[in-house]
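Student: predicted model follows, preceded by the sequence.
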Amino acid sequence: MKNPFKLFSLQVTLFTSFIMISAILIALLGITSYYTTNQEVVNKTISSRILLLDEINKQIDFQLQTIEYDSLAVASNPTVRSFLEEQEFSFERIEQNPDIIDLLSRHSYIKEAIHSVQIFAKNSTSSSYIGANGVFAYSIIEKSPSYSYIEQSDSGWLGSHLIEIGNYISINDNVVSFYRKVFSPSGHEIGVLIFNMKLSYMYDLISGDKADSNRYIFDSNLRLIVEAAGKDTASVSFAALENDLDQVMNKAESQSNYAIETFDTKKLLIWNKQARTQWIAMDMIPWESITQGSKRIQTTIIFTVIICVVLAVVFAYILSKQFVTPIKSLVRVMALLKTGKMKSRVNNDYDNEFGYLNHHFNSMAEEIEDLINQLQEQNQKKREAEIKVLQEQMNPHFLYNTLDMMNWQAIAIGADDISRMLSLLGKMLRIGLSSGATFIPLSKETEHLECYVELQKIRHQHNISFELEMPVALHDYYVPKLILQPFVENSIIHGFHSRRAGTIWITGSIEGERLHFSVKDDGHGITEGKDIYSSNHHGVRNVKERIDLYFGPQYGIEIDSMPNKGTTISISLPLITIHSVEMLHQKGGSSQHD
């Protein structure tokens, strides 16, 4: 699919782009505002509910502490202990029985929260009570479902349950009970004292401000103590929470007392734990009731977004038209220039970027007009240059033919050395020119060097010896042409300029991914401070510059020389195959022409 920016007109593109960007920014602003406001409402709800639940916990804890202190007073009362230590049907116990019942009943009469106080005596098989207050047989408590908790500790709170009165269970009176074992002075258990707190009283404590939530009180073992449903919400039973409650609370972060969960609908759970008893007060608030205020904000934001989009459309049209008008004027003049009306110019009354563009376009049009006039002269010069190039291409062939004629003349007069030298020179010229190629096989480079070495042997009458070691395995690799001969020539001219004899070693090898050459002589060496790359050594300098140009600074030439001990030239090149050279040819690189 073609890029829309390349398909539609500039005015349409600018108009549409401005509308889209404006709409996206406005929508992002609206969405961000809504969710930020919504989150702020949630945070305020959480913080206020935690404070409320903390206050409820304090009230509950105050009642719990009062009951615990009262139970301690009763359990440590000498009269109660003496009563429980007596035999069940002894005169003293029968005589004290009404006083004990009255003592227990007094708490339920005086304190609104207390439903009843019961003692389950170890040595009693019968019960004596008024209402739910009294002394009961120990076998009754042993049959209670809560007895397993009572056995485990000396005191503690039991969850909500129906109260047990004598041998029957009341179906109307739900209580929350605190038990405390009564011990004789010798440390033996002689009974269990139970304070029963009215569940209705605790319900009244927690049901003050819960119009939009369900509220629950759990003990430290997450057993439900009491629950209250809000007036405006449907009750969610404890059974729906019981299986997941511990997992939900553990999943919440250690510093947070809330979680968002879905039961029948999305709910916000907020809880507060008492520090002393570890009881938990929890509110379950429907998410809809929390976000009710945010919905009004949402409506306002949507209305504002619509107005902003309408304004954006108007401004987008005006701006796009202002941008497109000077561009259309420029395009119209361009079309005129294309038809050959070179005197056409843009009316420029802008002082901004459009003015800059128009001014330079007019300048360009004037330059084009001048260039057209110059073009004919350049074409004429180009044709003359092409003719000159064709003439120069004939010169090498003329040179080859001349050398060949001189060679045959030398053979005719018996000048064998001159004939051989002319033949070697012809080979060197052919390899040196190489039809304009920059890179040649190492075998050709070696052949060129061998011709040069043989020429020098003829000249110096074998006083200078040459050792050439170039493994056949290297012959198929390509190197820049005439890369070795300048260093051999430099050794002969400068290394042996006042000596009659000497040796030059030329070697080649592969090391890793590099091609290494060495040109070593036992001549005078290089005088300290002398620059081998100066203008007096243009051949050597030419090789260095070509290597830098072709391959970069990681390849090149290293010189190791000591006066009167000789010089070693090390040359490092990359491994270049015929495939690499062909790729360079396809790219039109420098490998085609030197």
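Tutor: Arrived safely, thanks for sending.
Student: quick check, Val346 in a helix?
Tutor: No. In this structure, Val346 is coil, not part of a helix, as judged by DSSP: H, G, I helix; E, B strand; the rest coil.
Student: against Asn133, how distant is the closest residue to Gly131 other than its chain neighbours?
Tutor: Excluding its sequence neighbours, the residue lying closest to Gly131 (C-beta to C-beta, 6 or more residues apart in numbering) is Ser116, at 6.6 Å. Bear in mind the C-beta positions are built from the backbone N, C-alpha and C, glycine included. The spacing between Ser116 and Asn133, counted by C-beta to C-beta, to the nearest Å, is 5 Å.
Student: now do Ser105
Tutor: Taking C-beta to C-beta, one finds Ser105 at 4 Å from Asn133.
Student: quick one, which of the two is more surrounded?
Tutor: Higher neighbour count among Ser105 and Asn133: Asn133, with 24 against 19, using other C-beta atoms under 10 Å.
Student: pretty sure that one is touching Leu104, no?
Tutor: Yes. Asn133 lies in contact with Leu104 (C-beta atoms under 8 Å); the separation is 4.6 Å.
Student: joint contacts of these two?
Tutor: By C-beta atoms under 8 Å, 6 or more residues apart in numbering, Asn133 and Leu104 have these common neighbours: 116-118.
Student: which members of these occur in strands, if any?
Tutor: 116-118 (DSSP state E).
Student: overlap of the contact sets of Ser116 and Asn133?
Tutor: With C-beta under 8 Å, 6+ apart as the test, Ser116 and Asn133 both reach 104-105, 108.
Student: would you list these in TSV and tack on secondary structure, distance to Leu64 and pLDDT?
Tutor: Formatted as TSV, the shared contacts of Ser116 and Asn133 follow (DSSP: H, G, I helix; E, B strand; the rest coil; distance: C-beta to C-beta, whole Å; pLDDT from 0 to 100):
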residue	secondary structure	distance to Leu64	pLDDT
Leu104	helix	19	92
Ser105	helix	21	92
Ser108	helix	17	88
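Student: mind putting the residues you listed in a markdown table, distance to Phe83 included?
Tutor: Shown next, in a markdown table, are the shared contacts of Ser116 and Asn133 (distance: C-beta to C-beta, whole Å):
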| residue | distance to Phe83 |
| --- | --- |
| Leu104 | 11 |
| Ser105 | 15 |
| Ser108 | 19 |
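Student: could you give the number of residues near Ala259?
Tutor: Ala259 has 17 nearby residues by other C-beta under 10 Å.
Student: now do the contacts for it.
Tutor: With C-beta under 8 Å, 6+ apart, Ala259 has these contacts: 248-249, 251-252, 268-269.
Student: quick one, phi/psi of it?
Tutor: Per-residue torsions, Ala259: phi -160, psi 150 (degrees, to the nearest 10).
Student: then the one 5 residues further on?
Tutor: Dihedral pair for Asp264: phi -80, psi -40, per degrees, to the nearest 10.
Student: ok, it to Met282 distance?
Tutor: 17 Å.
Student: who has more neighbours, the two?
Tutor: Taking other C-beta under 10 Å, Asp264 and Met282 do not tie; Met282 has more neighbours (23 against 9).
Student: so which strand or helix has that one?
Tutor: Per DSSP states H and E, Met282 falls inside strand 280-286.
Student: same question, His161
Tutor: strand 155-165.
Student: what's the mean pLDDT across the very next helix or strand once past that strand?
Tutor: Scanning forward in sequence from strand 155-165 by DSSP H and E, the next helix or strand is strand 168-183. Averaging pLDDT along strand 168-183 yields 82.
Student: helices of the stretch 401-550 of the chain, start to end?
Tutor: 416-433, 442-460, 485-490, 538-551 (DSSP state H, counting those that start in this stretch).
Student: what sits up against the strand holding Met282?
Tutor: Contacts for strand 280-286 (C-beta under 8 Å, 6+ apart): 45, 49, 52-53, 56-57, 60, 206, 210, 212-218, 222, 233, 236, 241, 265-274.
Student: report the strands that pair with it, each with its relative direction.
Tutor: strand 214-218 (antiparallel), strand 266-273 (antiparallel) (DSSP bridges).
Student: list the contacts of the longest one.
Tutor: The contact list for strand 266-273 (C-beta under 8 Å, 6+ apart) reads 42, 45-46, 49-50, 53-54, 56-57, 236, 248-249, 257-261, 279-288, 290.
Student: one more time with 7 Å, if that's ok
Tutor: By C-beta atoms under 7 Å, 6 or more residues apart in numbering, the residues outside strand 266-273 that reach it are 46, 49-50, 53-54, 57, 248, 257-261, 280-287, 290.
Student: buried stuff in that strand?
Tutor: 267-273 (16 or more other C-beta atoms under 10 Å).
Student: without its sequence neighbours, what residue ends up closest to Phe183?
Tutor: Glu189 (5.8 Å).
Student: give the contact list for that neighbour.
Tutor: 122, 181, 183.
Student: nearest to Ile194, of those residues?
Tutor: Lys181 (10.4 Å; C-beta to C-beta).
Student: put the buried members of the contacts of strand 280-286 into a ChimeraX selection.
Tutor: In ChimeraX, this line selects whichever of those come out buried by 16+ other C-beta under 10 Å:
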select :45,49,52,53,56,57,60,206,210,212,213,214,215,216,217,218,233,236,241,267,268,269,270,271,272,273,274
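Student: rewinding a little: could I get the contacts of Ala259 as TSV with distance to Lys444 and pLDDT?
Tutor: Converted to TSV, the contacts of Ala259 look like this (distance: C-beta to C-beta, whole Å; pLDDT from 0 to 100):
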residue	distance to Lys444	pLDDT
Val248	85	78
Met249	86	77
Lys251	79	74
Ala252	82	69
Leu268	87	85
Leu269	88	87
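Student: understood, closing this out.
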